[in-house]
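Quick check, what structure comes out for this input:
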Amino acid sequence: QVQLVESGGGLVQPGGSLKLSCAASGSGFRIRNMGWYRQAPGKQRELVATITSGGSINYADSVKGRFTISRDNAKNTVYLQMNSLKPEDTAVYYCHADRYAGYYRDRYYPEGYAYWGQGTQVTVSS
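Coordinates of the predicted model:
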């Protein structure tokens, strides 16, 4: 019903920049919050940044001042501009979105029902 498709990952040198994009597609939904999480090898998935439909933003302390999250509500798309990248930013980055409550094809989806993208690899290395 809702698919999240990420793009923009890759290999970059320390101090470099990358921009991730994630578009939500499908029908019968209204997206509420969107965000990015990441998971490095051997570690738990952690929050990177989130943005509400009204534009309120939250960042992990580790990325404040370096990463910028933004969204285009008309396109159901969220972006993550990553600057001053460090080797410790290396991880698989996952797009996350949750929806407002509602029905689709006779199924009820509660407030906050969540969706995940397939993940995109970001590698920071010289």
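
His96 contacts Arg38, correct?
No: contact criterion C-beta atoms under 8 Å: His96 and Arg38 do not qualify, at 10.7 Å. For every residue, glycine as well, the C-beta is placed using N, CA and C.

Of those two, which one has the most company?
Using other C-beta atoms under 10 Å as the criterion, His96 and Arg38 rank with Arg38 on top: 23 against 20.

Report back the residue of this protein that's furthest from centre.
Here the chain reaches farthest from its C-alpha mean at Asp106, the gap being 28.5 Å by C-alpha atoms, centre = their mean.

Find the nearest non-adjacent residue to Leu85, please.
Excluding the flanking residues, the one nearest Leu85 by C-beta to C-beta, 6 or more residues apart in numbering is Val124, at 4.5 Å.

separation between the one you found and Arg38?
Val124 is 12 Å from Arg38, where distance means C-beta to C-beta, to the nearest Å.

any common contacting residues for these two?
Contact criterion C-beta atoms under 8 Å, 6 or more residues apart in numbering; residues shared by Val124 and Arg38: Asp89.

Name every strand pairing with the worst-scoring helix or strand of the chain on mean pLDDT and say which way it goes.
The least trusted helix or strand in the chain, going by mean pLDDT, DSSP states H and E, turns out to be strand 102-104, with a mean of 87. Sheet pairing here is set by DSSP bridges, and for strand 102-104 it gives strand 107-109 (antiparallel).

Just the buried positions in the partner strand, please.
Applying a neighbour-count criterion of 16 or more other C-beta atoms under 10 Å, one finds Tyr109 buried in strand 107-109.

and that strand, what's its mean pLDDT?
Taken as a whole, strand 107-109 has a mean pLDDT of 89.

Can you report phi and psi for the residue nearest to Thr120 when sequence neighbours are not counted?
Nearest residue to Thr120 in three dimensions, chain neighbours excluded: Gly9, at 3.4 Å (C-beta to C-beta, 6+ apart). Main-chain torsions, Gly9, degrees, to the nearest 10: phi -70, psi 170.
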